[in-house]
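Visitor: sharing a model prediction with you, sequence too.
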Amino acid sequence: VAGALSARSWGRLPLAAAATTVAADWRFQALPGRDEVTTLLAHGARRSYGDSCINSGGTELDTRQLDRFIALDSNAGTLRCDAGVTLQEILRLVVPRGWFLPVLPGTQFVTVGGAIANDIHGKNHHVSGSFGCHVDALTLLRSDGERRVCSESDNAGLFAATIGGLGLTGLITEATLRLRPIACDRLVVENLVFNSAQEFSQLSGESMDWEYTVSWVDVFARAGRAGRGIFSRARHVDEPGELTAGGGRMRMSLPFAPPLPLVNSTTVDLFNRAYFLRGSRGLGVREQHFQPFFFPLDAIAHWNRLYGRQGFYQYQCVIPRDGGVAILESLLRRIADSREASFLAVLKEFGERRSPGLLSFPRPGFTLALDFPNRGAKTLTLFQSLDDIVMSAGGALYPAKDARMSAQTFARSFPGSEVFSQYVDPRFCSNFWRRVRTGL
Ligand SMILES: Cc1cc2nc3c(=O)[nH]c(=O)nc-3n(C[C@H](O)[C@H](O)[C@H](O)COP(=O)(O)OP(=O)(O)OC[C@H]3O[C@@H](n4cnc5c(N)ncnc54)[C@H](O)[C@@H]3O)c2cc1C
């Protein structure tokens with residue numbers, strides 16, 4: 001049991017109050033009693049950007065002692081493991097045996113519990129849906145002391161609420177995941193240039209038979225170049241070959257956060273021009289190991305410190321495909337006009353496959369994700385104007401990346417939230433949930 005710690009998520013935004021952290025092996029240990037602590041919240045690797053993994057003034061349940069593999073069925077391709085196991089640890093176990101995770105986010109340093117609670121998506125959403133589509137069963141420890149096994153056939157309501165349930169339905173102790181087979185550790189990758197949101201949309205539509213698609217967009221490009229970017233598509237190499245998980249070493253590290261952000265309009269403008277130029281020179285088809293394609297930022301430890309001591313926000317929305325090009329154009333114009341810096345601007349198209357999760361974020365349409373240094377009111381004003389565009393288009397914001405959406409925006413983004421709230425464990429809460437449910 002640890003003492004009071006100041007909890008921080010990946011965005012490193014300053015926090016008003018700390019939480020108490022309790023670390024234990026939750027497979028055997030009971031949750032702290034009502035007389036000991038007030039509210040509870042589990043956390044994994046804290047790779048969420050905002051406040052969905054933070055419970056200021058309450059108790060946070062560290063899940064990293066839940067680190068065991070329980071059973072791997074190499075014939076059926078299923079893995080049963082503790083919820084604190086990371087996706088990197090799973091890849092190291094299964095890739096040499098010819099299996100792969102069916103959904104991977106932009107970092108492998110997230111836990112199974114975090115992946116389920118945010119129902120994360122990857123570059124293959126248009127083919128495979130979200131993480132929750134590949135969970136056969138999970139075990140939930142509730143604050144009444146009960147351990148409930150949940151699946152589509154047992155405790156189905158609680159299962160649907162826990163997938164994408166933001167950690168609010170209790171503590172997930174373990175899960176059984178379905179894997180996908182691979183013949184080797186390499187991908188065929190093709191990079192292409194697009195010069196507008198319209199061209200992006202066309203390329204994306206034409207690339208639906210590629211398993212993975214993702215784009216980087218230059219949000220500083222203006223006038224004739226607005227909406228330009230690099231479109232990447234990839235698929236696994238079919239021929240048998242080496243099966244290594246890779247990704248063992250971090251090549252660089254940012255040892256501390258500078259007092260001022262290194263990310264500003266000048267550095268981002270320079271970065272974007274250079275990145276676009278480099279990307280345009282590296283066009284065409286090539287083979288590469290899966291690591292740099294899936295996790296380009298994992299090679300730099302603590303890259304989030306680049307944004308300085310005030311931290312940063314990520315803004316991620318999804319908008320419907322119908323009329324989506326015009327909406328993307330107005331979002332990109334609004335961002336370019338603000339001159340707020342964002343070199344990490346990712347664009348992708350989600351597909352039709354529905355998640356079992358009640359609060360799942362992915363839905364058919366375009367998703368745009370951008371990082372912004374925290375400049376206080378200026379940044380929040382920009383976000384409000386982006387929200388207005390996204391909400392009037394019938395879109396949604398992603399809680400895993402959020403630290404500021406209003407109660408109204410949450411309710412409009414997630415029509416299932418009323419049904420969901422019936423499954424929330426009465427003793428579980430987060431800063432995110434306090435804000436979107438009670439406005440605090
Ligand atoms: C570089 C980078 C790239 C990313 N790319 C993507 C991407 O492509 N797609 C995407 O969807 N997301 C992406 N993310 C976000 C990340 O995948 C999610 O925020 C993920 O949920 C983080 O998992 P975690 O283990 O760090 O959980 P945390 O951030 O610690 O917690 C996340 C949520 O899970 C809950 N939780 C964690 N463990 C448990 C448990 N055992 N039981 C119950 N609840 C639990 C917490 O309460 C919290 O609500 C990215 C993040 C980074 C830093």
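Guide: Thanks, I have it.
Visitor: tell me the pLDDT of the residue lying closest to Arg64 once chain neighbours are set aside.
Guide: Once flanking residues are discounted, Arg64 sits nearest to Gly84: 4.8 Å by CB to CB, 6 or more residues apart in numbering. For glycine as for every other residue, the C-beta is placed from the backbone atoms N, C-alpha and C. Confidence at Gly84, expressed as pLDDT, is 98.
Visitor: and what about Gly84, helix, strand or coil?
Guide: coil (DSSP: H, G, I helix; E, B strand; the rest coil).
Visitor: Arg34 too?
Guide: coil.
Visitor: wait, isn't the residue nearest to Arg64 in contact with Leu66?
Guide: Yes - using CB atoms under 8 Å, Gly84 is in contact with Leu66, at 3.5 Å.
Visitor: what's the overlap in contacts for those two?
Guide: Gly113 (CB atoms under 8 Å, 6 or more residues apart in numbering).
Visitor: list the contacts of the residue nearest to Arg64.
Guide: Gly44, Thr63, Arg64, Gln65, Leu66, Asp67, Thr111, Val112, Gly113.
Visitor: phi, psi for the first one please.
Guide: Reported as degrees, to the nearest 10, the phi and psi values for Gly44 are phi -100, psi -120.
Visitor: burial check on it, number of neighbours?
Guide: 27 (other CB atoms under 10 Å).
Visitor: any idea how far the ligand is from it?
Guide: 2 Å (CB to the nearest ligand atom, to the nearest Å).
Visitor: what's the neighbour count on whichever residue of the stretch 251-400 of the chain sits closest to the ligand?
Guide: Proximity of the stretch 251-400 of the chain to the ligand (CB to the nearest ligand atom) peaks at Ala400, 3.7 Å away. Residue crowding around Ala400 was assessed by other CB under 10 Å; the count is 27.
Visitor: give me the three-state assignment for it.
Guide: With three-state DSSP as the criterion, Ala400 reads helix.
Visitor: before we move on, the earlier item: in helices, which of the contacts of Gly84 fall?
Guide: Mapping these onto helices (DSSP state H) picks out Val112, Gly113.
Visitor: which residues touch Ala336?
Guide: Val219, Phe220, Ala221, Arg222, Ala226.
Visitor: and with 6 Å instead?
Guide: Residues in contact with Ala336 (CB atoms under 6 Å, 6 or more residues apart in numbering) are Val219, Arg222.
Visitor: would it count as being in a helix?
Guide: Yes - with three-state DSSP as the criterion, Ala336 is assigned to a helix.
Visitor: who in the stretch 101-250 of the chain is up against the ligand?
Guide: Proximity of the stretch 101-250 of the chain to the ligand, by CB under 6 Å from any ligand atom, involves residues 105-107, 110-111, 113-115, 117-118, 120-122, 166-167, 171-172.
Visitor: which ones among those residues map onto helices?
Guide: Those of those lying in helices (DSSP H): Gly113, Gly114, Ala115, Ala117.
Visitor: what sits against the residue of the stretch 251-400 of the chain closest to the ligand?
Guide: Ala400 neighbours (CB under 6 Å, 6+ apart): Ser48, Asn118.
Visitor: do Arg228 as well
Guide: Asn195, Asp218, Ala221.
Visitor: which residue, neighbours along the chain excluded, lies closest to the second one?
Guide: By that I understand Asp218. Asn272 (4.6 Å).
Visitor: check contacts around Ala161.
Guide: Counted by CB under 6 Å, 6+ apart, Ala161 has contacts Thr169, Leu358, Phe420, Tyr423.
Visitor: for Phe194, that is, sorry about that
Guide: Phe194 neighbours (CB under 6 Å, 6+ apart): Phe200, Leu203, Gly229, Phe231.
Visitor: apply 10 Å and report the result again.
Guide: Listed by CB atoms under 10 Å, 6 or more residues apart in numbering, the contact partners of Phe194 are 200-204, 215, 217, 227-231, 347.
Visitor: Gly376: which of those is nearest?
Guide: Val217 (25.4 Å; CB to CB).
Visitor: which strand residues bridge the closest one?
Guide: Val217 has these beta-bridge partners by DSSP bridges: Gly229.
Visitor: residue contacts, it?
Guide: 194, 197, 200, 226-231, 272, 276, 328, 332, 335, 342, 345-347, 368, 370.
Visitor: I'd say Arg46 and Cys53 touch.
Guide: Yes - counting by CB atoms under 10 Å, Arg46 touches Cys53, with 5.4 Å between them.
Visitor: mind checking which of the two has more residues around it?
Guide: Neighbour comparison, Arg46 and Cys53: the larger count goes to Cys53, with 28 against 18 (by other CB under 10 Å).
Visitor: drop anything exposed from the residues of the stretch 101-250 of the chain next to the ligand.
Guide: 105-107, 110-111, 113-115, 117-118, 120-122, 166-167, 171-172 (16 or more other CB atoms under 10 Å).
Visitor: widest-spaced pair of the contacts of Gly84?
Guide: Every pair of the contacts of Gly84 checked by CB to CB; the farthest is Gln65 and Val112, at 13.7 Å.
Visitor: okay, and the common contacts of the two?
Guide: Joint contacts of Gln65 and Val112 (CB under 10 Å, 6+ apart) are Asp82, Gly84.
Visitor: which one's more surrounded, the two?
Guide: Val112 (28 against 14).
Visitor: wait, that one touches His134, no?
Guide: No - with contact defined as CB under 10 Å, Val112 does not count as touching His134 (11.0 Å).
Visitor: and for the two, which residues touch both?
Guide: Leu101, Ala175, Leu177.
Visitor: how many other residues sit next to the nearest residue to Leu297 once chain neighbours are set aside?
Guide: Counting by CB to CB, 6+ apart, Leu297 lies nearest to Trp303, which is 5.6 Å off, once chain neighbours are set aside. Neighbourhood size, Trp303 [other CB under 10 Å]: 16.
Visitor: likewise for Glu206?
Guide: 12.
Visitor: tell me how far it lies from Ala226.
Guide: 22 Å (CB to CB, to the nearest Å).
Visitor: circling back: tell me if I'm right that the residue nearest to Asp218 and Val263 touch.
Guide: No - judged on CB under 10 Å, Asn272 makes no contact with Val263 at a distance of 11.5 Å.
Visitor: name the helices or strands packed onto whatever helix or strand Glu89 lives in?
Guide: Assessed by DSSP states H and E, Glu89 sits inside helix 87-94. Judged by 3 or more CB pairs under 10 Å, 6 or more residues apart in numbering; DSSP states H and E, helix 87-94 is in contact with strand 69-73, strand 78-82, strand 99-100, helix 112-117, helix 290-294.
Visitor: from the middle of its chain, how far away would that helix be?
Guide: 18 Å (CA atoms, centre = their mean, to the nearest Å).
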